[in-house]
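Peer 1: Build me a model from this:
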Amino acid sequence: MKPVQPRSGFLAAIVGLVGSLVGTTCFAAEPQPPQGFKALFNGKDLIGWHGMPHFDPYKLKAMPPEQRQAQIAQWTEDARKHWRIENGELVNDGQGAYLTTDAEFGDFELLLEYKTVPKADSGIYLRNTPQVQIWDTTEAGGKWKLGADKGSGGLWNNSPGAPGKDPLVLADKPFGQWNAFRIIMVGERVTVYLNGQLVVDHARLENFWNRKLPLPKTGSIQLQTHGGEIRWRNLFLREIPPSEANEILRRHQASQYVDIFNGKDFTGWTGALENYAIQDNAIVCRPQKGGVIFTQEEFADFAVRLEYRLPPGGNNGLAIRYPGKGQASQVAMCEVQILDDNAPKHAKLDPRQYNGSAYGMIAAVRGYDRPIGEWNFMEVTAIGHTLRVELNGTRILEGDLSQVTEFKDKTPHPGKDRLRGYFGFAGHGDPVAFRHIQIRRLETKPK
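Peer 2: Below is the predicted model:
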């Protein structure tokens, strides 16, 4: 890891650029991935990898295709000078372009082992973003002032004081021994085990390239080069399916949430119940019906998490601090939009109408929803006048509604400053389904 400017890269469409990156290869037994995993490195050559130094991935993506491929080819040529394979291990001399997977990944579990030398440091870039840190943790390494004394495995490029920046424990082995990482990534949420010890627990990996944006939905894995020899072996990856990703998100701090829907009937709910049905343990808006159903219990500051599934073109919403009557998008603190963004009939909406937005007030970042028919996981946090929305583990909206002065259609939102109310669903005639609905009362801002 570089103390000031860590390096990264971005996978663009490249086919046939790589072949073999190295000229010296010592043959070893082919790696044997655990069940469900695939080998990222075959132990013999670097098919499936290319070179990439520190470079803004957004700038790379913006290049014309021919220029982008030429640039990647140049970086790959540089990597040939600094990477080699010995006895089935990837070896870097501490210099040159990073090794970067041709393939891009979304949610995944990554296993790998590394061994490095004194005064070196390195890192693992997730979706082209720095980074899971690797240190020389000794005082002689000279980087205690940067946090090396705390150990490897932290998300070092997160903001100072942010969760995950510093590892929870020092779990590094002495020089000369292999260290093993297990890294789980769902959305922006990263969990890291080093040598079997938890060092990062479900922390957001910030977007180093533009901290105002969430992480890209997919990206490459990169192995950093930084000033000293490092060896890698047994690089295995398993892509995490949506159902498992939802379970991982739901398990985090599960004991702090309570169910507000029992999956069987509308106990604890009121409103336009006749317009909704319960199907397969989910609340479903009846076709051509709508209106608001809401909890009988009021909430002030809270976090709600749930799964939802959209039909093609589907439209619904989460009523946040609803007063008990009226149109949720106006009289509640807000309606968090639930929408099939990609439906042709929704192609020309106001940006503040798309999925995850505080309807008519603050637009969410688009592109983090799952294909129609799959269950999405959403978590909404309301603290005071602030609203936060995470979709499938990625933060797509965060803002202060009390500061909103411009509204869709220039229509004021009289309920936006409400500090207490009910939670509910605002149906709009489409059979949108909701399940695993849980809520947590908050007294302090969650991390």
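
Peer 1: what's near enough to touch His428?
Peer 2: Counting by CB atoms under 8 Å, 6 or more residues apart in numbering, His428 touches 285, 290, 315-317. The way it works is simple: take the backbone N, C-alpha and C, and place the C-beta from them, glycine included.

Peer 1: now it: how far from Phe266?
Peer 2: Distance of His428 to Phe266, given as CB to CB, to the nearest Å: 19 Å.

Peer 1: Could you pick out the longest helix of the chain?
Peer 2: Taking DSSP state H as the criterion, the chain has its longest helix at helix 65-80.

Peer 1: List the buried residues in that one.
Peer 2: Buried positions in helix 65-80, judged by neighbour count with 16 or more other CB atoms under 10 Å: 68-69, 71-73, 75-76, 78-80.

Peer 1: Check stretch 386-396 too.
Peer 2: Buried residues in stretch 386-396, counted by 16+ other CB under 10 Å: 387-396.

Peer 1: before we move on, the earlier item: which of the contacts of His428 tops the neighbour count?
Peer 2: If you count neighbours using other CB atoms under 10 Å, the busiest of these is Cys285, which has 27 neighbours.

Peer 1: dump the residue contacts of Leu387.
Peer 2: With contact taken as CB under 8 Å, 6+ apart, Leu387 is in contact with 320, 333-334, 336, 358, 362, 380-381, 397-401.

Peer 1: And for Gly263?
Peer 2: Residues in contact with Gly263 (CB under 8 Å, 6+ apart) are 278, 281-282, 435.

Peer 1: Just give me the neighbour total for the residue nearest to Arg309 when sequence neighbours are not counted.
Peer 2: In space, and not counting its chain neighbours, Arg309 is closest to Ala433: 4.6 Å by CB to CB, 6 or more residues apart in numbering. Applying other CB under 10 Å, we find 21 residues neighbouring Ala433.

Peer 1: Quick check: pLDDT value at Ala433.
Peer 2: pLDDT for Ala433: 98.

Peer 1: right, and it touches Ile283 too?
Peer 2: Yes. With contacts counted by CB atoms under 8 Å, Ala433 reaches Ile283, the gap being 6.9 Å.

Peer 1: can you give me the helices for this structure?
Peer 2: Using DSSP H, the helices of the chain run over 57-62, 65-80, 242-251, 328-331.

Peer 1: Now mean pLDDT and distance to Leu306 too, for the ones you listed, in a markdown table please.
Peer 2: Below are the helices of the chain laid out as a markdown table (pLDDT from 0 to 100; distance: least, CB to CB, whole Å):
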| stretch | mean pLDDT | distance to Leu306 |
| --- | --- | --- |
| helix 57-62 | 94 | 32 |
| helix 65-80 | 96 | 40 |
| helix 242-251 | 98 | 9 |
| helix 328-331 | 95 | 16 |
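
Peer 1: What sits closest to Ala272 if chain neighbours are left out?
Peer 2: Take Ala272 and drop its neighbours on the chain: the residue closest to it by CB to CB, 6+ apart is Gly291, 3.2 Å away.

Peer 1: quick one: contacts for that neighbour?
Peer 2: Contacts of Gly291 (CB under 8 Å, 6+ apart): 271-272, 275, 426-427.

Peer 1: Go through the residues you listed and say which is closest to Lys345.
Peer 2: Closest approach between the contacts of Gly291 and Lys345, by CB to CB: Gly427, at 17.4 Å.

Peer 1: Which stretches in the stretch 201-350 of the chain count as strands?
Peer 2: Applying DSSP state E, counting those that start in this stretch to the stretch 201-350 of the chain gives strands spanning 221-223, 230-239, 258-259, 269-271, 276-279, 282-285, 290-299, 302-309, 315-322, 334-339.

Peer 1: Let me have the contacts of His428 in JSON lines, adding distance to Pro118 as columns.
Peer 2: JSON lines is the format used below for the contacts of His428 (distance: CB to CB, whole Å):
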{"residue": "Cys285", "distance to Pro118": "62"}
{"residue": "Gly290", "distance to Pro118": "66"}
{"residue": "Asn315", "distance to Pro118": "59"}
{"residue": "Asn316", "distance to Pro118": "58"}
{"residue": "Gly317", "distance to Pro118": "57"}
